[in-house]
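Visitor: Output the structure for:
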Amino acid sequence: MATTKVKAIVLGGTNVKEKDRIVSLYTLEQGKISVSMKGVRGDKAKMKFAKEIFCFADFIIEEGKNIPVVTGADIIDNFYGLSQDIDKYYEACAILDIVSKHSGESNPQLFIDIIKALKALCYENLEKYYVFDKFLLNYLKIMGYDFFTDRCSSCKATLGHRYLNLEVGEQVCPACKNALSVQISDACYAVLRAFDEKDYADLASVKVSNNGHLAACGLLSKDYEWRTGNKILEIK
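Guide: The predicted structure follows:
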């Protein structure tokens, strides 16, 4: 029976039978996969930690009758602090919800970004939603939608006032905007630029206006929903 080792983060799962659980993993090597964890809901189960959301570990999996079966796990981090702060918990859940709706293909850049985002949320003292907005901005860039351009995607004119054409996910000038275009204010663009230029661990140094941040958050969420057809998980 073939055995494989994957580095993965637990996205969630469903209880089955008396003590088993079907778990969704996002792996570095294979992307999103479903695995079976036998007996992990028992009080004395050796791998009970491995079924929990946010668990980051090296998982040993073997071929199963229907889906792969986890036979071992070496924990790297469980991000325990996320479960102790309700705001951080919901923000982290919103990030994993985006990943769970991802196409499922392996993407090392996305995998690294997930871990960086969870580490920043868990261990850094950051403003609410900063990590989520940074993750969403990076996710859109990974999908091929970059906010940072000096030219209109339609007529190639230099952008002064800029609009996001939600239909195609590209920026246009006032002359090329249509009914599905929303304006990107200077304050909103400044926030997006500030988040783009900082790594997660450096987000504490970002100082932006509240209005600009709210505008950036709204724009990113709206663009994500148009690009994917998925709703953002509500953050408390």
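
Visitor: biggest strand in this protein, by residue count?
Guide: Counting by DSSP state E, the longest strand found in the chain is strand 3-16.

Visitor: For stretch 141-151, output the C-alpha coordinates as PDB.
Guide: Taking Å, rounded to 0.1, in the frame of the first residue of the first chain, the C-alpha atoms of stretch 141-151 are listed here in PDB:
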ATOM      1  CA  LYS A 141      -2.800  38.500  -7.200                       C
ATOM      2  CA  ILE A 142      -2.200  34.800  -7.200                       C
ATOM      3  CA  MET A 143      -5.300  34.400  -9.300                       C
ATOM      4  CA  GLY A 144      -3.800  36.900 -11.800                       C
ATOM      5  CA  TYR A 145      -5.700  40.100 -10.700                       C
ATOM      6  CA  ASP A 146      -3.100  42.700  -9.800                       C
ATOM      7  CA  PHE A 147      -4.400  46.100  -8.500                       C
ATOM      8  CA  PHE A 148      -1.200  47.900  -9.200                       C
ATOM      9  CA  THR A 149      -1.000  49.400 -12.600                       C
ATOM     10  CA  ASP A 150      -0.500  52.900 -14.100                       C
ATOM     11  CA  ARG A 151      -2.400  52.200 -17.300                       C
END
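
Visitor: what comes up buried for it?
Guide: 143, 145, 147 (16 or more other Cβ atoms under 10 Å). To be clear about C-beta, it is placed using only N, CA and C from the backbone, and glycine gets the same treatment.

Visitor: Regarding the residue nearest the centre of the chain, what is its secondary structure?
Guide: Nearest residue to the geometric centre of the chain (Cα atoms, centre = their mean): Ile95, 3.7 Å. What DSSP: H, G, I helix; E, B strand; the rest coil gives for Ile95 is helix.
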